[in-house]
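# Quick one: sequence and predicted model below, then my questions.
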Amino acid sequence: MSNKMWGGRFAAGPDAIMAEINASIGFDYRFAAQDIKGSLAHVAMLAATGIVTPETAVAISEGLNQVKGEIERGVFTFSHALEDVHMNVEARLGELIGPEAGRLHTARSRNDQVAVDFRLWIRDTIDHLDGQLRDLQKILADRAISYASNVMPGFTHLQSAQPVTFGHHLLAYVEMFGRDRSRFADSRRRLNECPLGAAALAGTSFPIDREQTARALGFDRPTANSLDSVSDRDFVLEALAAAAICATHLSRFGEEIVLWTTPQFGFVALSDAFTTGSSIMPQKRNPDAAELLRGKAGRVIGALTGLLIVMKGLPLAYSKDMQEDKEGAFDSLHTLSLCIAAMTGMAKDLRPDLKRMKAAAGVGYATATDLADWLVRALGLPFRQAHHVTGALVKIAAERNISLEKLTLEDMRAVEPGITPDVFGVLGVEKSVKSRTSFGGTAPANVRAQARRWKARLEKESHAPPGSR
Ligand code: ARG
């Protein structure tokens, strides 16, 4: 049997393999809600412009709402033979209201239809992710206030570098997730134009009102070029790029949790809720969720690469290759949502071992920079010379296996005679972090102020309508 939606010039139905490779219903059924929303806006416009009669529009709208109900109740049967969600919905509409259903597709094509559906779907998904990321930021900002003055080692090259506060470290991620949100918001702003009415590729000869459908669907305006409207998927790519960057941030946080929960670091512990045991080694507590944040970033990044490759060689306008835009995007954005949820759970669950972090903060002469800075400030040494003097003192301390503050004044004066007892006022990890008061620095007072600023901003944002940022 030839296809009842487009089979007019076909005598026979497709080969089974053709049907299999061609069908997208196995995944684009997820667009059903957006597809019906788009069709409702379209038919209302067709009636308002006199392209269909008010009676037809009412029958179609009622039919569409019935289809929507069937899908929501899980009683709708999606048919493979009908290829995709658009034709499944329309075919069911025909069963419900008869041949008048055929008027819905006036002045429209599946090409602009799928472009509308996908934009609506990406927009909804961005709004959901934004809320999730905001909640994660809130928890991290709260915890940053609690640990604003708790010292831990800050690393470069994964070698102890300078002491920082745990709160400062948590706020670093709040900043990253803030930029992730702004990347999503930015892509949302650009995607928020309505392709409906571009039809197959060239527009339509019917007197449609594209402003009306754009407004009805919450878009800022109609898209301005019909070819572009049906042939670009940059709105998907932008969302996937934002997702890939966000997943990368989550992956780095996951990696830190993996490190911090080892017995060797022992900086934080996760409860039973976010760890698993080993079937052979009874002592083990594995941070699987944190590891999976790292692992799943791979597929999120892969989805972006995959779609870039699908798109890169396509001439304008629509090509069926573009049907491959969906599965990667669904998987990527769903995976990201799961990762954010897991990170949020772990952010609540993490119990830091503050004593251990503090002890580790002093390891490796992490306050050497403080000593060098003091030599510059108090004795007027050029920084390069101060660096040299400090290096010599670190060497002596290391030979004796003691910390810098355990050196005597005599030890110090043997290297730099100008040193006074005041130097001991800057040595020590807590003194070190307290002194880092430059804007954005790790001083507890700064960290508290930044965390409060974030909390106020996040609170305000949670009352703002989606897309308003
Ligand atoms: N299922 C198709 C897709 O996802 C819908 C658009 C089909 N358009 C066409 N001209 N065959 O891309």
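Thanks, I have the structure now.
# where do the strands sit along this protein?
151-156, 159-165, 193-194, 221-222, 268-269, 351-352 (DSSP state E).
# For the stretch 1-150 of the chain, which residues are neighbours of the ligand?
Taking Cβ under 6 Å from any ligand atom as the criterion, the stretch 1-150 of the chain approaches the ligand at residues S24, D28, D84, R110, N111, V114. From N, CA and C alone the C-beta is placed, and that goes for glycine too.
# got TSV for those, with pLDDT and neighbour count too?
Output for those, formatted as TSV (pLDDT from 0 to 100; neighbours: other Cβ atoms under 10 Å):
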residue	pLDDT	neighbour count
S24	97	19
D28	97	24
D84	97	25
R110	97	21
N111	98	20
V114	98	26
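# and the residue of the stretch 301-450 of the chain found nearest the ligand, how far is that from A23?
Residue of the stretch 301-450 of the chain nearest the ligand, by Cβ to the nearest ligand atom: Q323 (3.7 Å). Applying Cβ to Cβ, to the nearest Å, the value for Q323 to A23 is 9 Å.
# now swap in R134 and tell me
From R134 across to A23, the span is 38 Å (Cβ to Cβ).
# now swap in H105 and tell me
Look at H105 and A23: by Cβ to Cβ, they are 19 Å apart.
# same question, Q385
74 Å.
# Tell me which of the two has more neighbours.
A23 (19 against 14; other Cβ atoms under 10 Å).
# excluding its backbone neighbours, what's nearest P222?
The spatially closest residue to P222, leaving aside those adjacent along the chain, is R210, at 3.8 Å (Cβ to Cβ, 6 or more residues apart in numbering).
# er, H169 I mean
M152 (6.6 Å).
# export the strands of the chain to a markdown table and tack on mean pLDDT?
Converted to a markdown table, the strands of the chain look like this (pLDDT from 0 to 100):
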| stretch | mean pLDDT |
| --- | --- |
| strand 151-156 | 96 |
| strand 159-165 | 94 |
| strand 193-194 | 98 |
| strand 221-222 | 98 |
| strand 268-269 | 96 |
| strand 351-352 | 98 |
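# For the ligand, which of these is the nearest?
strand 193-194 (16.8 Å).
# Show me the contact partners of the closest one.
Strand 193-194 is contacted from outside by V116, R119, R210, T213, A214, L217, F219, D220, R221, P222, T223, A224, using Cβ atoms under 8 Å, 6 or more residues apart in numbering.
# same thing but 7 Å
Identification of contacts with strand 193-194 by Cβ atoms under 7 Å, 6 or more residues apart in numbering yields V116, R210, T213, A214, L217, F219, D220, R221, P222, T223.
# tell me which of those is nearest to A161?
For those, the minimum distance to A161 (Cβ to Cβ) is 46.8 Å, reached by D220.
# Leaving aside the residues adjacent along the chain, what's closest to the residue of the stretch 301-450 of the chain closest to the ligand?
In space, and not counting its chain neighbours, Q323 is closest to S24: 5.1 Å by Cβ to Cβ, 6+ apart.
# What of A202?
Leaving out its chain neighbours, the residue that sits closest to A202 by Cβ to Cβ, 6+ apart is S226, at 5.7 Å.
# Then S2?
Leaving aside its chain neighbours, S2 sits nearest to F10 (3.9 Å; criterion: Cβ to Cβ, 6+ apart).
# gap between that neighbour and the ligand?
Distance of F10 to the ligand, given as Cβ to the nearest ligand atom, to the nearest Å: 14 Å.
# ok, now L96?
Here L96 is placed at a distance of 22 Å from the ligand (Cβ to the nearest ligand atom).
# And T248, by the same measure?
29 Å.
# of all the residues in the stretch 301-450 of the chain, which ones are close to the ligand?
Contacts of the stretch 301-450 of the chain with the ligand, taken as Cβ under 6 Å from any ligand atom, map to Y318, M322, Q323.
# Out of those residues, the closest to L375 would be?
The closest of those to L375 turns out to be M322 (Cβ to Cβ; 64.1 Å).
# Could you report the pLDDT at the closest one?
pLDDT, M322: 98.
# nearest spatial neighbour of it, skipping sequence neighbours?
The shortest distance from M322 to any non-neighbouring residue, by Cβ to Cβ, 6+ apart, is to R233 (6.3 Å).
# What is the neighbour count of that neighbour?
Taking other Cβ under 10 Å as the criterion, the count of residues near R233 is 22.
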